[in-house]
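1. Generate coordinates for the sequence data below:
(4 chains)
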There are 4 protein chains.
Amino acid sequence: MIVVLKDNPDQKQLDNLIQWLESLNIDINISEGRDTTILGLIGDTSVVDIDLISALDIVEAVKRITEPYKNANRKFHPDDTVLDINGVKIGGGNFQLIAGPCSVESMEQVCSIAESVKGSGAGMLRGGAFKPRTSPYAFQGMRDKGIELLLEAKKVTGLPIVSEIMDFSQISLFGDVDLIQIGARNMQNFELLKELGKTNKPILLKRGLSSTLQELLMSAEYIMAGGNEQVILCERGIRTFETITRNTLDLSAIPLLKSMTHLPVIADPSHATGLSRLVKPMAMAAVAAGADGLLIEVHNDPANALCDGQQSLTPEEFADLADSVKHIRPYAYRSNR
Amino acid sequence: MIVVLKDNPDQKQLDNLIQWLESLNIDINISEGRDTTILGLIGDTSVVDIDLISALDIVEAVKRITEPYKNANRKFHPDDTVLDINGVKIGGGNFQLIAGPCSVESMEQVCSIAESVKGSGAGMLRGGAFKPRTSPYAFQGMRDKGIELLLEAKKVTGLPIVSEIMDFSQISLFGDVDLIQIGARNMQNFELLKELGKTNKPILLKRGLSSTLQELLMSAEYIMAGGNEQVILCERGIRTFETITRNTLDLSAIPLLKSMTHLPVIADPSHATGLSRLVKPMAMAAVAAGADGLLIEVHNDPANALCDGQQSLTPEEFADLADSVKHIRPYAYRSNR
Amino acid sequence: MIVVLKDNPDQKQLDNLIQWLESLNIDINISEGRDTTILGLIGDTSVVDIDLISALDIVEAVKRITEPYKNANRKFHPDDTVLDINGVKIGGGNFQLIAGPCSVESMEQVCSIAESVKGSGAGMLRGGAFKPRTSPYAFQGMRDKGIELLLEAKKVTGLPIVSEIMDFSQISLFGDVDLIQIGARNMQNFELLKELGKTNKPILLKRGLSSTLQELLMSAEYIMAGGNEQVILCERGIRTFETITRNTLDLSAIPLLKSMTHLPVIADPSHATGLSRLVKPMAMAAVAAGADGLLIEVHNDPANALCDGQQSLTPEEFADLADSVKHIRPYAYRSNR
Amino acid sequence: MIVVLKDNPDQKQLDNLIQWLESLNIDINISEGRDTTILGLIGDTSVVDIDLISALDIVEAVKRITEPYKNANRKFHPDDTVLDINGVKIGGGNFQLIAGPCSVESMEQVCSIAESVKGSGAGMLRGGAFKPRTSPYAFQGMRDKGIELLLEAKKVTGLPIVSEIMDFSQISLFGDVDLIQIGARNMQNFELLKELGKTNKPILLKRGLSSTLQELLMSAEYIMAGGNEQVILCERGIRTFETITRNTLDLSAIPLLKSMTHLPVIADPSHATGLSRLVKPMAMAAVAAGADGLLIEVHNDPANALCDGQQSLTPEEFADLADSVKHIRPYAYRSNR
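-> A predicted model of the protein is given here:
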């Protein structure tokens, strides 16, 4: 971290600053130029609050050189993290299709979809039980009952299951859920992140609607700082001015995140676009860009789905997508890290 | 709600749609033009999920004519809501300055600031105990102890207090907190909104960083649908491409919200701008635009504040702001509703 | 277009509206419901100004059902447009790599790069002569001299050339330029669009930094309405809150645009990301998503480029990219229109 | 400007960098820390292209300390610039209302509006002759004839006139136009900026729809670098995710710009909001925040305006706005520079 001081800084304030930094075990390299004095901070600057320093009267500018995240940082963990989700591997060259309905609606629905996507190559089953909906009057998911149905489908198909938690008070229901999803709107629900950091459950962390990649990694860092290093990151579209798509899938996030962190990175083209006809091309593009997996909504009757039918594929469309993806995979981008 | 059908819609799907709408107590006015058939939906369409209808194969376009929020809607409650926060009124012509430190740091700090802002005309004391911070390594607030100190300051000054809750598991600590704040990052933490909707505590709901005003009102609707109608809305800046300010205070939100809803609307120029020198002009502008109150950060030693010192005013600067605002108030905008 | 009237509309205003619409050759289907009267406008509604209608006192809401663009609309031209740029075809299954330096700097530079990218499979040479730069103090391009050097490189290599025009007063210099580029900042320079619409030169139209796809098509419509139907659209990244990349490449724009219009659609991963290490993965993703071509910056000495060196590939890196793209192409997305 | 080098930088590249900087008359202060070498660049760094330096292999990070604009910079011109627009002063405590129709439509219309707004206190008349419209099929303004009618209205009322130029080829028509407007979409039409920089006409420069304040000042710098220092800046709303308003008026831009530059700063609440009922509260807020003037659309028959009727005030509403603003002005924000 570089701190540029204003001309003629008050010596007492400068001494206070230096003393405070030293108390954080930061070494300081002072270089005095003709007009400007620059402090180079050396050590673990992730503990230094950049806003605090910016606020000081004697400071002209501050620039962070090293990233404020440590556990998630590839610099300190050069090898890809490979997660084992109840026997299914993801990351480090292991690619997974995760598919299933937006909302769990019935035993028949979820089991039929599960069998079908398994047959097309899906490695995990997704299904929503607790649904974050903008309107209190919209269908809020089957909740407890939905989790039960997912567990039934897991028993029948053997597929590990993924479902979203909306509040830590629901955790007791997630004992047999293999991968716990944190939705985009909860990416900065810091209390939830901290609590999940104390569990040993794999976490699927979705990028917030208007979050930067550094903010996403800081949220992963909240989980990892608690001791839980099993985190998968998911690009699911960001808010932009385009109105045809629900959000804009930021595929540059995939190679960028994979250079910044060792964690697996997947994409969710269904929620990002909100339009079923865009799911296949965006899935193919995400794979070409190097994604470690895809999260795809599949519904046996999209036109009558209780939620987000517009973006769901039929089982047949999913089989076609899985096939297209298989052709791209061998030629997908891999960085030469 | 207007539903435009595609040419030659499948009759069976159309019958299904009509039957489903009728099950929701919606009346339907069908008008068949030369090329286009249009359904006019009449009744309480807030229960109709617009995405569900858009997903249907037979549907070309859907347009909502009436708002999806009811309890918060001024149409159904033409008079301003006036909240009484432990004796302090806000809304309906009652204006309040709410001031205090970003973070509670010590008894001396919070009591000294409380006395000072009270002397300058503040009607309530704000103070952060639980702090949402982007980094797990940044100061997370004094938490339980912070609430205790605020209650102490309340006892000493008689000012009602405002503090942010980050998770419903903290609710027992908020029994004597007069106004519970929901932060911008939790605006769509729907489980928290629902739980607070079951309490009878006044709620200060902040707009999310990239939320529309309708989304803000839908979040208020979550609280109100649970039976708690004591909600104050707060414009606190939205994310834009400008980097000098932390966020961009959207002052058009004030007259707009006041036309859309009967709830009180206040502004937070401190968090919006992130720069103390912009707090006064933006406070004055918010008052001119018709705000029912202001949320202002005040710190006795901004340069050494543990959080957000850059945006805090000194007690003297706050006194000056309060004075400037007093001159604008008599000429502030009032709609002729 | 659907116009929803307010309750009890003033009859005289309604008659005026109907008369005005009929003067535009629009047929009107009036359907009167219990509470609401709806006008269905039938005919060429691209000539109807939606803002004008919205402003009327008697109007509650207006919704456009058909697109406001005609010449660019795939509905009226179902087959892909194939452009022939001086013998090089693009669109309709014809894919082109367009490569070259951000700025033309010298004869040696441009010819050496041109030979090299031609050898790697590029079908056209790009090069900037007039450079739009944020600062008046930054290098503004070689201007007239730059065009001359490009023409020299065209003579030597036989590659058609692409260069950006910044003002119509420069048109006389572009007589032998094969494809004229309109930069993102000029996407809504309507006078320039109109003038280029009167020429018979192929135009490469870049999406504006915060433009929607409909706005991009309306700008193409400006050119086409003048009689020039030779337009290629280019996705080059939109402004978002992410700061690591210069802009965010919106790859969903590719399949979306290709469903909306018959015009060729290409992507520019160099300008979008601003980082050379992201150019290859994003190029591969764009091809997987169905792009008709790529615009790639190549420089023989990126670290000493006079402009945008950060995002330029070396000739060797470009050869590697061209090879990777070749493997993806056979499996790239194609809609079943 | 601070340049942080990577560990063990290549000495030859470093020598090249230093030599290049010295050729730009930049002095360099090298400070070598334990791990990091930092170059402090001293002198007129506005001529240094920050992107060029970032691209170098040996560079870890670059940070600009001083602003890249000089002529517009308040640091070098501490006193407010006061422009005299044909006898009407603006800036430095001189406040002006600029009002008139979005589009000039007829002699009767423009003269009647001009007389009326003059009577309510407007100091200048605005009117659109050349209209930038998203659609080629929308009304494009009366063009040459529109300018003639404005000049007629100027003759009749004595009010200086403001109108937008869309291309420099139109300049001959603007000889008697007192203040030439550059629209938001042309803010980065650099060729137009350069040409207007060579004239001695006062320029009203509107902020681009997604531009930062620094970009706005760099565009002003283009004009001023050519020798024309008569520039007024106009905040007219930026694109955000809110859909009720056309754009979002960023009022923090007013005090911020006034601290960054000595140029006059005005606001355009009509275009920003796009809704006539928001024009008055936003005008009042802009004045409270310290604006030097307002640009207000006034139409004698908004419901039948040929353009943007939704946002126009009637002459009576304008008189009311002018009166409200008069009450706020004495208490408006003034920085203590």
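
2. Okay, now the unreliable bits of the stretch 51-200 of chain A?
-> The stretch 51-200 of chain A contains no residues with pLDDT under 70.

3. mind listing the helices for it?
-> A:107-119, A:144-157, A:190-197 (DSSP state H, counting those that start in this stretch).

4. next helix or strand past the last one?
-> Proceeding N to C from helix A:190-197, the next assigned helix or strand is strand A:203-206, under DSSP states H and E.

5. What residue spans form the domains of chain A?
-> Domain ranges of chain A: A:2-63, A:74-331, per automatic domain parsing.

6. For chain A, give the residue positioned nearest to chain D.
-> Nearest to chain D, among the residues of chain A, is residue A:31, at 2.9 Å (Cβ to the nearest Cβ). Where you see a C-beta, it was placed from the backbone N, CA and C, and this is true even at glycine.

7. Once you drop chain neighbours, what's closest to that residue?
-> residue D:31 (2.9 Å; Cβ to Cβ, 6 or more residues apart in numbering or on different chains).

8. wouldn't that neighbour be in contact with residue D:40 here?
-> Yes - in this structure, residue D:31 is within contact of residue D:40 by Cβ atoms under 8 Å, at 7.0 Å.

9. So for those two, which residue has more residues nearby?
-> A side-by-side neighbour count of residue D:31 and residue D:40, using other Cβ atoms under 10 Å in any protein chain shown, places residue D:40 first with 22 against 19.

10. quick check, that one in a helix?
-> No - using DSSP: H, G, I helix; E, B strand; the rest coil, the assignment for residue D:40 is strand, not a helix.

11. beta partners of it?
-> The partner list for residue D:40 in beta bridges (DSSP bridges) reads residue D:2, residue D:29.

12. give the contact list for it.
-> Residue D:40 makes contact with A:31, A:33, A:36, A:38, D:1-2, D:28-31, according to Cβ atoms under 8 Å, 6 or more residues apart in numbering or on different chains.

13. just the residues you listed: which has the poorest pLDDT?
-> In this model, the minimum pLDDT among the contacts of residue D:40 belongs to residue A:33 (69).

14. residues near residue A:247, how many?
-> Counted with other Cβ under 10 Å, residue A:247 comes out at 20.

15. Once you drop chain neighbours, what's closest to it?
-> residue A:237 (3.0 Å).

16. I figured that neighbour was touching residue A:272, is that so?
-> Yes - judged on Cβ under 8 Å, residue A:237 makes contact with residue A:272 at a distance of 2.9 Å.

17. can you put the contacts of residue D:40 in CSV and add distance to residue B:325?
-> As requested, these are exported to CSV (distance: Cβ to Cβ, whole Å):
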residue, distance to residue B:325
A:31, 45
A:33, 43
A:36, 39
A:38, 40
D:1, 40
D:2, 40
D:28, 49
D:29, 46
D:30, 51
D:31, 47
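
18. Any chance of a PyMOL selection covering the buried ones in those residues?
-> A single PyMOL command selects the buried members of those (16 or more other Cβ atoms under 10 Å in any protein chain shown):
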select buried, (chain A and resi 31+33+36+38) or (chain D and resi 1+2+29+31)
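
19. of all the contacts of residue D:40, which comes closest to chain C?
-> Using Cβ to the nearest Cβ, the contacts of residue D:40 come closest to chain C at residue D:1, 13.2 Å.

20. Test my guess that the closest one contacts residue D:63.
-> Yes - if you go by Cβ under 8 Å, residue D:1 and residue D:63 touch, sitting 7.0 Å apart.

21. Residue B:210: which of the helices of the stretch 51-200 of chain A is closest?
-> Nearest of those to residue B:210, taken as Cβ to Cβ: helix A:190-197 at 18.0 Å.

22. ok, back up a step: regarding the residue of chain A closest to chain D, what is its secondary structure?
-> Going by three-state DSSP: residue A:31 is strand.

23. give me phi/psi at the nearest residue to residue A:66 once chain neighbours are set aside?
-> Closest residue to residue A:66 apart from its sequence neighbours, by Cβ to Cβ, 6+ apart: residue A:45 at 5.9 Å. Note on residue A:45: its backbone torsions stand at phi -80, psi 0 [degrees, to the nearest 10].

24. Spell out which parts of the stretch 1-150 of chain A neighbour chain B.
-> A:13, A:16, A:46-47, A:49, A:51-52, A:54-57, A:68, A:130, A:132-140 (Cβ under 8 Å from any Cβ of the partner chain).

25. Which among those residues count as buried?
-> A:13, A:46, A:49, A:51-52, A:55-56, A:68, A:130, A:132-138, A:140.

26. Give me the contact list for whichever strand or helix holds residue A:320.
-> Using DSSP H and E, residue A:320 maps to helix A:315-328. Under the criterion Cβ under 8 Å, 6+ apart, residues A:97, A:99, A:113, A:116-117, A:119-122, A:276, A:279-280, A:283-284, A:287-288, A:294, A:296, A:298, A:300, A:313, C:288, C:328, C:331, C:333 lie in contact with helix A:315-328.

27. Try it again at 7 Å.
-> A:97, A:99, A:113, A:116-117, A:120-121, A:279-280, A:283-284, A:287-288, A:296, A:298, A:300, A:313, C:288, C:328, C:331 (Cβ atoms under 7 Å, 6 or more residues apart in numbering or on different chains).

28. before we move on, the earlier item: what would the helices of the stretch 51-200 of chain A look like in CSV with mean neighbour count?
-> Converted to CSV, these look like this (neighbours: other Cβ atoms under 10 Å in any protein chain shown):
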stretch, mean neighbour count
helix A:107-119, 20
helix A:144-157, 18
helix A:190-197, 23
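
29. would JSON lines of those with distance to chain D be doable?
-> Shown next, in JSON lines, are these (distance: least, Cβ to the nearest Cβ, whole Å):
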{"stretch": "helix A:107-119", "distance to chain D": "33"}
{"stretch": "helix A:144-157", "distance to chain D": "31"}
{"stretch": "helix A:190-197", "distance to chain D": "23"}
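
30. Minimum distance to residue C:151: which of the ones you listed has it?
-> helix A:107-119 (56.3 Å).

31. and the closest one, what does it pack onto?
-> strand A:96-100, helix A:144-157, helix A:315-328 (3 or more Cβ pairs under 7 Å, 6 or more residues apart in numbering or on different chains; DSSP states H and E).

32. So what are the sheet partners of the shortest one and their directions?
-> Each strand pairing with strand A:96-100, determined using DSSP bridges, is listed with its direction: strand A:124-126 (parallel), strand A:293-297 (parallel).
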